[in-house]
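What follows is a predicted structure for the sequence shown.
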Amino acid sequence: MVTNYVATNVTAVIGSFAMFLDNVNVGGASADMVDVTKQSSANDWREKLSGLKDGGQITLTVHYDPDDANVPVLGQAAATLTVDWGGTLKWSASVLVQNISIVANLGEKIVADFTFEITGAVDFATA
């Protein structure tokens, strides 16, 4: 049986910065494929092994407060980002700030897109 989840209580924290989220996009995780084909490979088919893994990136769209002194900035040291999906799954990884894009439309809340590059392992913990 498949369960459909609705993102109603997703939160994210990096250091002392707790984010009010509009959107979370975890993408680009990958593993290198290492070609280990040899002359004796069955029926001339290539053989491969999974190599090093890359966590990819995570992009968060957040309510932006320019007066918040805890907002992540470019060039800061790697920090642990934790995303609580509102159920039993928590995602965390060490991240570096790669890109910040701020949008301030007249009469609307200010939002920022933070793109974080993942460095090291990704932890999927269940409560």
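It's in. Residues are numbered from 1 along each chain as shown.

Quick check, central residue of the chain?
Nearest to the mean C-alpha position of the chain, counting by Cα atoms, centre = their mean, stands Ile58 at 2.6 Å.

helix/strand/coil for that one?
strand (DSSP: H, G, I helix; E, B strand; the rest coil).

Tell me the bridge partners for it.
Ile58 has these beta-bridge partners by DSSP bridges: Val26, Phe116.

quick one: it and Ser94 touch, right?
No: if you go by Cβ atoms under 8 Å, Ile58 and Ser94 don't touch, sitting 11.5 Å apart. (Glycine included, C-beta is placed from N, CA and C.)

Please enumerate the strands of the chain.
Secondary structure of the chain (DSSP state E): strands at 11-14, 17-19, 21-27, 30-35, 48-54, 57-63, 79-84, 89-103, 111-126.

possible to save those strands as TSV with distance to Ala42 and mean pLDDT?
Converted to TSV, these look like this (distance: least, Cβ to Cβ, whole Å; pLDDT from 0 to 100):
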stretch	distance to Ala42	mean pLDDT
strand 11-14	47	87
strand 17-19	51	88
strand 21-27	35	88
strand 30-35	15	95
strand 48-54	13	96
strand 57-63	37	93
strand 79-84	43	91
strand 89-103	38	93
strand 111-126	34	91
